[in-house]
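J.: just coords:
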C-alpha cells in the first residue's frame, strides 16, 4: 500500500522538479495556495489527510507530468509491477482515430486508470456507456483493449467501422478482404465485414465488471 508520507513527498518532489514550492504548485494548478501546506496533511485531531484525486490530476495537467511520472516519484518498490496506467475513453468516443502508436487521440482521453499490466502491448480502456456494447457488456464495464496485440480465431474483438459505429464480437475468421464476426447472441447470424470498412480492430485483453 502506498504510504501517506510518500504520496505527499511525491507532490513535494514534483513541485521541486518544476522550481516551485508546494504553494506555488497549488496555485499553478488553480488550487488554493494552502492546499498542500504541511498543516493540511494532518487534521487537528491527528488523522492523516490525503490529497484528493482531483488535486493530483490538476497538478499533473499543470506541469505536463503523467500519472506514470508521478508514480515514479513515489518509492518504486511500493508500486506493483503488475499494474499499469492506461488511457480511458468512453464508448461514445471509441470511434475516434487511433494513432500510429496504437492509442486514442489525446482529445478523447477522459483520464488514466490503473489496470493489470498486459505484457508489452499498447492498450487503452473503454468505459461502456449508453448500452453501446450490449448485450455482451453492460454500462459501467471497463474493457482493456489492444490494437497492437495479435488477433486469432476465437478472440473477442472491438471493431470500429469507417462510418463511426463500433461493435464487439468473437472473431471467426479473418482474411485479407473480410473479417467474419460471430453474432453476439446465439441464433443471430454472423456478420461479414469488408476489410475496407474497418477503421481499426482491437483485441479485448481484460474486462472489469
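T.: Looks like it came in fine. What you are looking at is a predicted structure, and each value in this text was computed from that prediction instead of being measured.
J.: What are the boundaries of the strands in the chain?
T.: Ranges of strands within the chain are 83-90, 111-116, 124-127, 142-146, 156-161, 166-174, 178-182, 191-194, 198-208, based on DSSP state E.
J.: among the ones you listed, which gets the worst mean confidence?
T.: Sorting these by mean pLDDT places strand 111-116 lowest, at a mean of 75.
J.: Could you tell me the angle between that strand and strand 198-208?
T.: Using axes from the mean of the first three to the mean of the last three C-alpha atoms, to 10 degrees, the inter-axis angle of strand 111-116 relative to strand 198-208 is 60 degrees.
J.: Quick check: neighbours of the lowest-mean-pLDDT helix or strand in the chain in the sheet, parallel or antiparallel?
T.: Using mean pLDDT, DSSP states H and E, the weakest-scoring helix or strand in the chain turns out to be strand 111-116, at a mean of 75. Looking at strand 111-116 with DSSP bridges, its partner strands are strand 83-90 (antiparallel).
J.: The strand it pairs with vs strand 142-146, what angle?
T.: On the basis of the same axes, to 10 degrees, strand 83-90 is oriented at 110 degrees to strand 142-146.
J.: how much space between the closest residue to residue 58 other than its chain neighbours and residue 11?
T.: Residue nearest to residue 58 in three dimensions, not counting chain neighbours: residue 29, with 4.0 Å by C-beta to C-beta, 6 or more residues apart in numbering. In this view, the C-beta of every residue, glycine as well, is placed from N, C-alpha and C. Plainly put, residue 29 is 10 Å away from residue 11 if you go by C-beta to C-beta, to the nearest Å.
J.: for residue 51, same thing?
T.: 6 Å.
J.: what does the least confident helix or strand of the chain contact?
T.: 57, 66-67, 82-88, 123, 125, 142, 144, 206, 208 (C-beta atoms under 8 Å, 6 or more residues apart in numbering).
J.: if we go to 10 Å?
T.: Strand 111-116 is contacted by residues 53, 57, 60, 66-68, 71, 79-80, 82-89, 123-125, 127, 142, 144, 205-206, 208 when judged by C-beta atoms under 10 Å, 6 or more residues apart in numbering.
J.: Show me where the protein dips below the pLDDT cut-off.
T.: Across the chain, the ranges flagged by pLDDT under 70 are 1-3, 75-83, 96-97, 100-101, 106-107, 116-119.
J.: thinking again about what came up before, so what's in contact with residue 51 and residue 11 at the same time?
T.: Residues touching both residue 51 and residue 11 by C-beta under 10 Å, 6+ apart: 35-36, 41, 59.
J.: Most neighbours among those, which one?
T.: Counting neighbours by other C-beta atoms under 10 Å, residue 59 comes out on top of those with 25 neighbours.
J.: Brilliant, that's me finished.
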